[in-house]
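Q: mind looking at a prediction? Sequence and model below.
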Amino acid sequence: AQSVTQLGSHVSVSEGALVLLRCNYSSSVPPYLFWYVQYPNQGLQLLLKYTSAATLVKGINGFEAEFKKSETSFHLTKPSAHMSDAAEYFCAVSANSGNTPLVFGKGTRLSVIA
Amino acid sequence: NAGVMQNPRHLVRRRGQEARLRCSPMKGHSHVYWYRQLPEEGLKFMVYLQKENIIDESGMPKERFSAEFPKEGPSILRIQQVVRGDSAAYFCASSPGVQIPYGYTFGSGTRLTVV
């Protein structure tokens, strides 16, 4: 079975500061890992995904995440926050076999302060 | 190329009524997933369907909830005799297949309010 823990339900950063959103996973098999972003009253949009190729994954809008097996982590980062990054971010995991449904974390709400 | 289409966007039902939520997957996608989102709880998996088949319904409540994905037409999530606790945002997602982890494409959701 897979599970995801997102540390911090709410993160606040200043515009231009580093964004770091934490995600730790649990999986009995090699995982696929995803980050999604949700803007108010909208669906989820895929930011990036790890599929057992490169451990450093680059996504849209300047975000990237690094898969660290030893730490069972897949933290999301962005060097410089922009006001438009304010949204809710979800980490998700699925098993690296078959088509098991994605399991989502509870989400982290990112606020960007001018 | 239209994305995943969900309708209605907002649905208000009185306690005891039925709610029918529709989802048309992206063109070329044959796998559909339904999730429910409650405040502070993230997205909870409900059911995974392919055309005419329910593949995994481990997240579906045992009573009042059902889902289908017919050969023709959209996928339907049906909630009978709604209660206030059913108020939530319901999201549908689709993917093209199983061999490669495409990730899902999500619709904009249906926000169900039970009054």
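A: Yep, that arrived. On a predicted model such as this, the values are computed, not experimentally measured, just so you know.
Q: now residue A:80: how far from residue B:43?
A: Applying CB to CB, to the nearest Å, the value for residue A:80 to residue B:43 is 28 Å. Glycine gets a C-beta too; all of them are placed from N, C-alpha and C.
Q: which residues touch residue B:103?
A: A:34, A:46, A:49, A:102, B:95 (CB atoms under 8 Å, 6 or more residues apart in numbering or on different chains).
Q: mind redoing it with 7 Å?
A: A:34, A:46, A:49 (CB atoms under 7 Å, 6 or more residues apart in numbering or on different chains).
Q: wait, the second one sits on residue A:36?
A: Yes. Checked against CB atoms under 7 Å, the pair residue A:46 and residue A:36 is within contact range at 5.8 Å.
Q: quick one: which of the two has more around it?
A: residue A:36 (26 against 17; other CB atoms under 10 Å in any protein chain shown).
Q: what about that one, distance to residue A:29?
A: 21 Å.
Q: re the thing from before, ok, residue A:80 and residue B:43, which is more surrounded?
A: Between residue A:80 and residue B:43, residue B:43 has the larger neighbour count (other CB under 10 Å), namely 26 against 12.
Q: from residue B:32, how far off is the residue nearest the centre of chain A?
A: Computing the C-alpha centroid of chain A and ranking residues by CA atoms, centre = their mean puts residue A:35 first, at 3.4 Å. Distance, residue A:35 to residue B:32, using CB to CB: 22 Å.
Q: just give me the neighbour total for residue 104.
A: Because you didn't say which chain, this covers chain A. 23.
Q: chain B, not that one
A: Neighbours around residue B:104, by other CB under 10 Å: 26.
Q: leaving aside the residues next to it on the chain, what's closest to it?
A: residue B:93 (3.7 Å; CB to CB, 6 or more residues apart in numbering or on different chains).
Q: now for the residue positioned nearest the centre of chain B: which residues touch it?
A: Central residue check for chain B by CA atoms, centre = their mean: the C-alpha nearest the mean position is that of residue B:34, 3.4 Å away. Contact analysis of residue B:34 by CB under 7 Å, 6+ apart lists B:46-47, B:67, B:77, B:90, B:92.
Q: which SSE is immediately downstream of the helix or strand where it lies?
A: Per DSSP states H and E, residue B:34 falls inside strand B:31-38. Helices and strands here follow DSSP H and E; after strand B:31-38, the next one along the chain is strand B:42-50.
Q: report all helices and strands that that following strand contacts.
A: Judged by 3 or more CB pairs under 7 Å, 6 or more residues apart in numbering or on different chains; DSSP states H and E, strand B:42-50 is in contact with strand A:103-104, strand B:31-38, strand B:53-56.
Q: just the C-alphas of that strand, formatted as PDB.
A: Output of strand B:42-50 as PDB, limited to C-alpha atoms (Å, rounded to 0.1, in the frame of the first residue of the first chain):
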ATOM      1  CA  GLY B  42      -7.000  16.300   0.400                       C
ATOM      2  CA  LEU B  43      -8.400  14.000  -2.300                       C
ATOM      3  CA  LYS B  44      -9.800  10.600  -1.400                       C
ATOM      4  CA  PHE B  45     -10.000   8.000  -4.100                       C
ATOM      5  CA  MET B  46     -13.400   6.600  -4.700                       C
ATOM      6  CA  VAL B  47     -13.500   4.500  -7.800                       C
ATOM      7  CA  TYR B  48     -11.600   3.500 -11.000                       C
ATOM      8  CA  LEU B  49     -13.400   2.500 -14.100                       C
ATOM      9  CA  GLN B  50     -12.700   1.500 -17.700                       C
END
